[in-house]
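> give me coordinates for this.
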Amino acid sequence: MSRYLYYFILVTMVTNLIASVPRILMRDSKDGVILSMIIAVIFGAILTIIVINLFSYFPNKSFPEIMKKSTPKWFYYPVLFYFACSWFAAGLITLTTYVFMFNTFLSYETSITITTLAFLLVISFGLFIKEKSVLYMTELILIIFLPVIIFLIIKIYTEPKLEWDFVKIAFTYINDYPSYNSFSASTYIFIGAVNIIIFNKYIKIKKKAGLKQFAILGIVGAFTLFTTYFIPIGFNGFEQIENLTFPWITTSDSVRMKYSLIERVTFLFVIVFIAVAFISLLIHWYVSLKLFESIFHFKKLKWKETNLTPFLVVLLFGLIALATTRVINEFELVKLSMLFYDLLPLFYGVLIVSLLTAKRRLKL
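Sure, this is the predicted structure:
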């Protein structure tokens, strides 16, 4: 597996550590969340391996190119539109979550519109760079911030305030039947690998993923979900955890660094995770933009030999994002996220069936 595929998966895992995923897991803390996470790790790792191996049959080709070469318009247009909308929704959820978090913990008096515009301004510049630049930027962000994230996680795990008795109480619900909401939300942490639908042109898959890659994905995914769910419980107690809007922010605020310039871990925690969230949002909307471009390309919409279709799509992205952050609140955001996560099996199903259809028609 290419290192960039691991980068995509890591970015998604890190971003959702403090996004809607933990809130959904806490909500189902007494309704089979543990068994749901166990199944999701296995299921998510298997789906990731299947998708990557299917793309290995189409070297140096993006998903739109594969579809256009192997299937008729009545098939690939709806499929590409569905994935474009799905990837936009994934980015929108990330953007809205981190805008709310920024305003709540870093700049309470700033207008939600101003914060959203600031996020959009930064992201918009990144949407017009080349695919290779996105890959290099992802690698650079992870090189800079991943050591800090690892340090923060170690600091939280070794904090004396962490009560493992609360974690043991949570483990007593391991025999409950799994929850579909928790399962789908847990599976989402593996979705980063699906960014290959655009970046397959620049990611060389030298050999098919196998048991080694499955083991790596399973271990990292299990650790991520364990940390996401159980550590906030260890700091905040089992009975109260489902009432917290941002459980991981509350958790990080319980940790102090006595001899540091920044004593409260919360400030460093939020800043670092927002930086990673930016790259996650950029990747999601970059993939969505490329998919929309493969469907809609208005040849007459030009200005000085530059086609304005991508700019029109990005403008539409921004308007929808501004409207969303102004209209919904944190609780509605969780419901929107749950709806999106619940559709993940359909998302994977459409992708795998499409790739299998292309493979069969091209006789690969």
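> who's in contact with Asn200?
Counting by Cβ atoms under 8 Å, 6 or more residues apart in numbering, Asn200 touches 55, 58-63. For the C-beta atoms, the positions are set from N, CA and C on the backbone; glycine is no exception.
> just the closest of those residues to Phe226, please.
Closest approach between these and Phe226, by Cβ to Cβ: Phe55, at 29.4 Å.
> columns neighbour count and distance to Phe83 on top of the contacts of Asn200, output as a markdown table?
Listed next are the contacts of Asn200 as a markdown table, based on neighbours: other Cβ atoms under 10 Å; distance: Cβ to Cβ, whole Å:
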| residue | neighbour count | distance to Phe83 |
| --- | --- | --- |
| Phe55 | 24 | 14 |
| Phe58 | 21 | 16 |
| Pro59 | 12 | 20 |
| Asn60 | 10 | 20 |
| Lys61 | 16 | 15 |
| Ser62 | 22 | 11 |
| Phe63 | 28 | 7 |
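> now, which of those lie within helices?
Using DSSP state H, the subset of the contacts of Asn200 located in helices is 55, 63.
> now render the contacts of Asn200 as JSON lines, adding pLDDT and distance to Asn200.
JSON lines is the format used below for the contacts of Asn200 (pLDDT from 0 to 100; distance: Cβ to Cβ, whole Å):
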{"residue": "Phe55", "pLDDT": "88", "distance to Asn200": "5"}
{"residue": "Phe58", "pLDDT": "86", "distance to Asn200": "7"}
{"residue": "Pro59", "pLDDT": "84", "distance to Asn200": "8"}
{"residue": "Asn60", "pLDDT": "85", "distance to Asn200": "7"}
{"residue": "Lys61", "pLDDT": "87", "distance to Asn200": "6"}
{"residue": "Ser62", "pLDDT": "87", "distance to Asn200": "6"}
{"residue": "Phe63", "pLDDT": "88", "distance to Asn200": "7"}
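> okay if I get the contacts of Asn200 as JSON lines plus distance to Ile189?
As requested, the contacts of Asn200 are exported to JSON lines (distance: Cβ to Cβ, whole Å):
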{"residue": "Phe55", "distance to Ile189": "20"}
{"residue": "Phe58", "distance to Ile189": "25"}
{"residue": "Pro59", "distance to Ile189": "27"}
{"residue": "Asn60", "distance to Ile189": "28"}
{"residue": "Lys61", "distance to Ile189": "27"}
{"residue": "Ser62", "distance to Ile189": "24"}
{"residue": "Phe63", "distance to Ile189": "21"}
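> for Thr224, which non-adjacent residue is spatially closest?
Excluding its sequence neighbours, the residue lying closest to Thr224 (Cβ to Cβ, 6 or more residues apart in numbering) is Met13, at 4.7 Å.
> again, but for Ile320
Excluding the flanking residues, the one nearest Ile320 by Cβ to Cβ, 6+ apart is Leu92, at 7.0 Å.
> what about the residue nearest to Thr224, how many neighbours?
With neighbours defined by other Cβ atoms under 10 Å, the count for Met13 comes to 24.
> Leu336 too?
Leu336 has 17 neighbouring residues, counting by other Cβ under 10 Å.
> Provide a list of residues in contact with Phe226.
Applying Cβ under 8 Å, 6+ apart, the residues contacting Phe226 are Met37.
> mind listing what's buried in the helix or strand hosting it?
Assessed by DSSP states H and E, Phe226 sits inside helix 211-236. Neighbour-count burial for helix 211-236, counted by 16 or more other Cβ atoms under 10 Å, picks out 213, 217-218, 220-222, 224-225, 227-236.
> what's the average pLDDT for that helix?
The pLDDT scores in helix 211-236 average 87.
> helices along the stretch 1-150 of the chain, start to end?
3-15, 20-27, 33-55, 63-70, 73-105, 112-126, 131-157 (DSSP state H, counting those that start in this stretch).
> winner for burial among those helices?
Across these, averaging neighbours per residue (mean count of other Cβ atoms under 10 Å) puts helix 20-27 on top, at a mean of 24.
> run through who's touching that helix.
By Cβ under 8 Å, 6+ apart, the residues outside helix 20-27 that reach it are 16, 33, 37, 93, 97, 181-182, 185-186, 188-189, 225, 228-229, 232-233, 241-242, 244-248, 333-334, 337-338, 341.
> returning to that earlier point: among the helices of the stretch 1-150 of the chain, which is nearest Ile352?
helix 33-55 (6.3 Å).
> tabulate the CA atom coordinates of the closest one in CSV.
The C-alpha coordinates for helix 33-55 follow below in CSV (Å, rounded to 0.1, in the frame of the first residue of the first chain):
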residue,chain,number,x,y,z
VAL,A,33,-21.4,0.4,21.2
ILE,A,34,-18.4,-1.9,22.1
LEU,A,35,-19.5,-4.8,19.9
SER,A,36,-20.4,-2.2,17.2
MET,A,37,-16.8,-0.9,17.2
ILE,A,38,-15.3,-4.4,17.1
ILE,A,39,-17.4,-5.3,14.0
ALA,A,40,-16.7,-1.9,12.4
VAL,A,41,-12.9,-2.5,12.7
ILE,A,42,-13.1,-5.8,10.9
PHE,A,43,-15.6,-4.6,8.4
GLY,A,44,-13.9,-1.3,7.7
ALA,A,45,-10.4,-2.9,7.2
ILE,A,46,-11.9,-5.5,4.8
LEU,A,47,-13.7,-2.9,2.7
THR,A,48,-10.5,-0.8,2.6
ILE,A,49,-8.5,-3.7,1.3
ILE,A,50,-11.2,-4.6,-1.3
VAL,A,51,-11.4,-1.0,-2.7
ILE,A,52,-7.6,-0.6,-2.9
ASN,A,53,-7.2,-4.0,-4.6
LEU,A,54,-9.9,-3.2,-7.1
PHE,A,55,-8.2,0.1,-8.0
